[in-house]
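Peer 1: what would the 3D arrangement of this be:
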Amino acid sequence: MVRFILASLLWVVGPTLAASQQAPHDSVRGAVRLVDTKNRALEVTTGVGMALRIVRLQVPATVPVTTTPGRDQLALSDLKPGDVVRVTFGARPSGWVAYTIERIGRMTSGVEHPPSP
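Peer 2: Numbers count the residues shown, from 1 in each chain. This next block holds a predicted model:
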(Lines give C-alpha, C1' and ligand atoms only; values in the text may rest on other atoms or scores of the structure.)
Protein backbone atom coordinates (compact mmCIF):
# COMPACT_ATOMS: atom_id res chain seq x y z
CA MET A 1 0.00 0.00 0.00
CA VAL A 2 2.84 2.37 0.87
CA ARG A 3 4.50 1.62 -2.47
CA PHE A 4 1.28 2.42 -4.30
CA ILE A 5 0.99 5.79 -2.53
CA LEU A 6 4.64 6.68 -3.24
CA ALA A 7 4.34 5.62 -6.88
CA SER A 8 1.16 7.67 -7.27
CA LEU A 9 2.81 10.69 -5.67
CA LEU A 10 5.81 10.46 -8.01
CA TRP A 11 3.53 10.02 -10.99
CA VAL A 12 1.66 13.25 -10.12
CA VAL A 13 4.57 15.40 -8.84
CA GLY A 14 7.38 14.13 -11.12
CA PRO A 15 6.38 15.95 -14.34
CA THR A 16 5.84 19.18 -12.41
CA LEU A 17 9.34 19.04 -10.94
CA ALA A 18 10.89 18.27 -14.31
CA ALA A 19 9.08 21.17 -15.99
CA SER A 20 10.11 23.65 -13.28
CA GLN A 21 13.81 22.89 -13.84
CA GLN A 22 13.72 23.97 -17.50
CA ALA A 23 14.21 27.65 -18.31
CA PRO A 24 11.00 29.10 -19.77
CA HIS A 25 11.56 30.31 -23.32
CA ASP A 26 9.86 31.68 -26.37
CA SER A 27 10.95 32.18 -29.95
CA VAL A 28 10.54 34.89 -32.54
CA ARG A 29 11.19 35.01 -36.27
CA GLY A 30 11.58 38.38 -37.92
CA ALA A 31 13.87 40.98 -39.45
CA VAL A 32 16.78 42.53 -37.61
CA ARG A 33 15.97 46.17 -36.94
CA LEU A 34 19.02 47.16 -34.90
CA VAL A 35 22.28 45.56 -33.77
CA ASP A 36 23.89 47.28 -30.78
CA THR A 37 27.31 45.65 -30.43
CA LYS A 38 28.42 48.01 -27.66
CA ASN A 39 25.57 47.03 -25.33
CA ARG A 40 25.20 43.53 -26.84
CA ALA A 41 21.56 44.01 -27.80
CA LEU A 42 19.43 43.12 -30.80
CA GLU A 43 16.05 44.42 -31.96
CA VAL A 44 13.87 42.17 -34.12
CA THR A 45 10.72 43.33 -35.93
CA THR A 46 8.07 40.64 -36.27
CA GLY A 47 4.42 40.42 -37.22
CA VAL A 48 1.82 39.60 -34.58
CA GLY A 49 -1.62 39.22 -36.11
CA MET A 50 -2.22 42.44 -38.04
CA ALA A 51 0.38 44.43 -36.08
CA LEU A 52 4.15 44.76 -35.98
CA ARG A 53 6.06 44.12 -32.78
CA ILE A 54 9.65 45.07 -31.91
CA VAL A 55 11.41 42.69 -29.53
CA ARG A 56 14.57 44.03 -27.84
CA LEU A 57 16.89 41.30 -26.60
CA GLN A 58 20.08 41.30 -24.57
CA VAL A 59 22.70 39.02 -26.15
CA PRO A 60 25.25 37.51 -23.72
CA ALA A 61 28.69 36.77 -25.17
CA THR A 62 28.05 33.02 -24.83
CA VAL A 63 24.99 33.02 -27.14
CA PRO A 64 25.65 31.16 -30.41
CA VAL A 65 24.91 33.12 -33.61
CA THR A 66 24.72 30.77 -36.60
CA THR A 67 23.57 30.62 -40.23
CA THR A 68 21.06 28.07 -41.49
CA PRO A 69 22.76 26.58 -44.56
CA GLY A 70 26.10 25.59 -43.06
CA ARG A 71 25.47 26.32 -39.39
CA ASP A 72 28.54 28.55 -39.54
CA GLN A 73 29.33 30.58 -36.43
CA LEU A 74 28.91 34.33 -36.75
CA ALA A 75 29.74 37.27 -34.53
CA LEU A 76 26.92 39.53 -33.33
CA SER A 77 28.44 42.30 -35.47
CA ASP A 78 27.90 40.13 -38.59
CA LEU A 79 24.14 40.61 -38.27
CA LYS A 80 22.83 43.58 -40.24
CA PRO A 81 19.44 45.31 -40.48
CA GLY A 82 17.28 43.29 -42.86
CA ASP A 83 18.70 39.90 -41.90
CA VAL A 84 15.90 37.44 -41.18
CA VAL A 85 16.56 35.63 -37.89
CA ARG A 86 15.02 33.04 -35.60
CA VAL A 87 15.76 33.76 -31.93
CA THR A 88 14.95 31.72 -28.83
CA PHE A 89 14.82 33.80 -25.68
CA GLY A 90 13.58 33.97 -22.12
CA ALA A 91 12.65 36.52 -19.49
CA ARG A 92 15.10 37.69 -16.86
CA PRO A 93 14.77 40.52 -14.34
CA SER A 94 16.86 42.70 -16.70
CA GLY A 95 14.55 42.00 -19.68
CA TRP A 96 14.47 39.53 -22.56
CA VAL A 97 17.68 37.52 -23.02
CA ALA A 98 18.56 35.59 -26.19
CA TYR A 99 19.55 31.91 -25.92
CA THR A 100 20.23 31.22 -29.63
CA ILE A 101 20.23 33.34 -32.78
CA GLU A 102 19.99 31.79 -36.23
CA ARG A 103 20.25 33.88 -39.42
CA ILE A 104 17.89 32.25 -41.91
CA GLY A 105 17.95 34.78 -44.76
CA ARG A 106 17.93 38.41 -45.83
CA MET A 107 15.17 40.75 -46.91
CA THR A 108 15.68 41.92 -50.48
CA SER A 109 13.76 45.23 -50.35
CA GLY A 110 12.61 47.76 -47.81
CA VAL A 111 15.81 47.57 -45.78
CA GLU A 112 17.71 50.67 -46.82
CA HIS A 113 16.47 54.10 -45.80
CA PRO A 114 15.74 56.40 -48.76
CA PRO A 115 18.07 59.40 -49.08
CA SER A 116 16.90 62.60 -47.41
CA PRO A 117 15.83 65.42 -49.77
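
Peer 1: how close does residue 49 get to residue 74?
Peer 2: 31 Å (Cβ to Cβ, to the nearest Å). (Glycine included, C-beta is placed from N, CA and C.)

Peer 1: so these two - more neighbours on which side?
Peer 2: residue 74 (15 against 6; other Cβ atoms under 10 Å).

Peer 1: next up, the contacts around that one.
Peer 2: Listed by Cβ atoms under 8 Å, 6 or more residues apart in numbering, the contact partners of residue 74 are 65-67, 103.

Peer 1: closest one to residue 90 out of these, please.
Peer 2: residue 65 (16.9 Å; Cβ to Cβ).

Peer 1: for the closest one, name its beta-bridge partners.
Peer 2: residue 74, residue 101 (DSSP bridges).

Peer 1: got a list of what it touches?
Peer 2: 59, 73-76, 78-79, 101-103.

Peer 1: can you rerun that using 7 Å?
Peer 2: 73-76, 79, 101 (Cβ atoms under 7 Å, 6 or more residues apart in numbering).

Peer 1: how about residue 58?
Peer 2: 40-41, 94-98.

Peer 1: measure the residue lying closest to it once chain neighbours are set aside to residue 46 for me?
Peer 2: Leaving aside its sequence neighbours, residue 58 sits nearest to residue 97 (Cβ to Cβ, 6 or more residues apart in numbering; 4.9 Å). In this view, residue 97 and residue 46 are 17 Å apart by Cβ to Cβ.

Peer 1: hang on, the earlier thing: what is the most widely separated pair among the contacts of residue 74?
Peer 2: Among the contacts of residue 74, 65 and 67 lie farthest apart (Cβ to Cβ), at 8.5 Å.

Peer 1: report the contact partners of residue 68.
Peer 2: 102-104.

Peer 1: filter these to the buried ones?
Peer 2: Taking 16 or more other Cβ atoms under 10 Å as the criterion, what is buried in those is 102-103.

Peer 1: return the closest of the contacts of residue 68 with respect to residue 85.
Peer 2: Looking across those and measuring by Cβ to Cβ, the closest to residue 85 is residue 103, at 5.4 Å.

Peer 1: and what about the closest one, helix, strand or coil?
Peer 2: strand (DSSP: H, G, I helix; E, B strand; the rest coil).
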